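In: Following is a predicted model, sequence given first.
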Amino acid sequence: MARLIVTALKLAVAATAVVALVAIPARELAPSLTLPELILYIAGAFIALVILAICSLQLAQFVLRKGGTDPQWFWFRAEPPGLEEQRARIKEAGHES
């Protein structure tokens, strides 16, 4: 429970810092918006970005758990060394999902 509180506190501090840093130049770009509106929009964008990052990481973990290849390996011509043998052993053992 204490770790959850610390994590939430860290996220709140990071969000406050990002919103404060972005609000200063954004105030010059959108002078017709009031400061509370501007802060609300920036905070909403920050929250959306965090949610998008979490969803992206969860999808990548799901693909890797189901036997997919890490997308960074697509830069190379072949699978990572030993992956084909490992997949064959798993298939022989009957653990194919």
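Out: On my side now, so go ahead. Residues are numbered from 1 along each chain as shown.
In: buried set for the helix or strand hosting residue 9?
Out: Taking DSSP states H and E as the criterion, residue 9 maps to helix 2-29. For helix 2-29, a neighbour-count test (16 or more other Cβ atoms under 10 Å) marks 18, 19, 22, 26 as buried. No exception for glycine: its C-beta is placed from N, CA and C like everyone else's.
In: Save those as JSON lines, and put in distance to residue 85 and pLDDT too.
Out: Formatted as JSON lines, the buried residues of helix 2-29 follow (distance: Cβ to Cβ, whole Å; pLDDT from 0 to 100):
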{"residue": "18", "distance to residue 85": "45", "pLDDT": "85"}
{"residue": "19", "distance to residue 85": "50", "pLDDT": "83"}
{"residue": "22", "distance to residue 85": "49", "pLDDT": "87"}
{"residue": "26", "distance to residue 85": "53", "pLDDT": "87"}
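In: Just name the closest of those to residue 53, please.
Out: Residue 53 lies nearest to residue 18 out of these, by Cβ to Cβ, at 13.0 Å.
In: which other helices and strands contact the helix holding residue 9?
Out: Applying 3 or more Cβ pairs under 8 Å, 6 or more residues apart in numbering; DSSP states H and E, we find helix 2-29 packed against helix 35-65.
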